[in-house]
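In: could you look at this predicted model? Sequence included:
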Amino acid sequence: MKLKKFGGTEQRIYDLIAPLVTELGYLVWDVRFEKEGANRYLRIFIDSETDTISINDCERVTRPVDALLDERDPIEGSYILEVSSAGLEADLVRESHFDACIGCEVRARGIRPFEDGSREVIGVLEDWSKESIVLTVDGQQRELALAGLAFVKLYFDFDE
């Protein structure tokens with residue numbers, strides 16, 4: 001996997017909305033501007049340091065963000081605005097995500113099986129660089145090259 005950087009539109013939107021979203025008590029986890037079929041979508045993913053995100057939280061952010069975007073008009077043409085939670089198993093794709101998740105349990109899936117034959121590893125994210133992540137798995141540190149990973153996500157055990 002490669003670390004993602006904001007595209008120009010995504011960076012402009014992030015810079016515009018982040019202060020407002022922070023003022024409302026949330027964090028902007030990610031901004032994605034994507035084309036699907038004939039439609040363009042502006043997807044804003046929010047998170048909270050203190051609580052899970054509910055549909056009411058998304059609505060609370062949507063209205064003022066929509067008003068700000070209408071006022072500033074930073075995107076040429078039409079698009080569909082979606083505000084949602086980053087989710088319990090949020091993708092870690094940006095440098096800021098890895099920074100924020102040091103000490104968190106994550107799930108990493110290999111593009112190919114790892115040396116032990118498994119395709120997934122669950123462990124605590126101890127460190128990261130642009131080339132690799134370091135996880136503690138069963139008390140042992142394990143370094144995984146990002147280039148060999150399909151994804152890294154926060155891990156939540158739904159069985160517990």
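Out: Arrived safely, thanks for sending.

In: what are the ranges of the helices in this protein?
Out: According to DSSP state H, the chain carries its helices in the segments 8-23, 55-72, 95-100.

In: pipe those into JSON lines and attach mean pLDDT per row.
Out: As requested, the helices of the chain are exported to JSON lines (pLDDT from 0 to 100):
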{"stretch": "helix 8-23", "mean pLDDT": "96"}
{"stretch": "helix 55-72", "mean pLDDT": "97"}
{"stretch": "helix 95-100", "mean pLDDT": "94"}
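
In: domain ranges for this structure?
Out: Domain segmentation of the chain under automatic domain parsing yields 8-85, 95-154.

In: which one, of those, ends up nearest to residue 2?
Out: Closest approach to residue 2 among the domains of the chain is made by domain 95-154 (7.3 Å; Cβ to Cβ). Backbone N, C-alpha and C define where each C-beta goes, glycine included.

In: measure the closest one end to end?
Out: Distance across domain 95-154, first residue to last, is 14 Å (Cα to Cα, to the nearest Å).

In: look up the pLDDT of the residue in the chain sticking out farthest from the centre for me, please.
Out: Computed with Cα atoms, centre = their mean, the residue of the chain farthest from its C-alpha average is residue 116, at 28.5 Å. As predicted, residue 116 sits at a pLDDT of 89.

In: now do residue 25
Out: The model reports residue 25 with a pLDDT of 96.

In: what residues are up against it?
Out: For residue 25, the contact set (Cβ atoms under 8 Å, 6 or more residues apart in numbering) comprises residue 48.

In: cool, and residue 92?
Out: Shown in contact with residue 92 (Cβ under 8 Å, 6+ apart): 98, 101, 106, 152-154.
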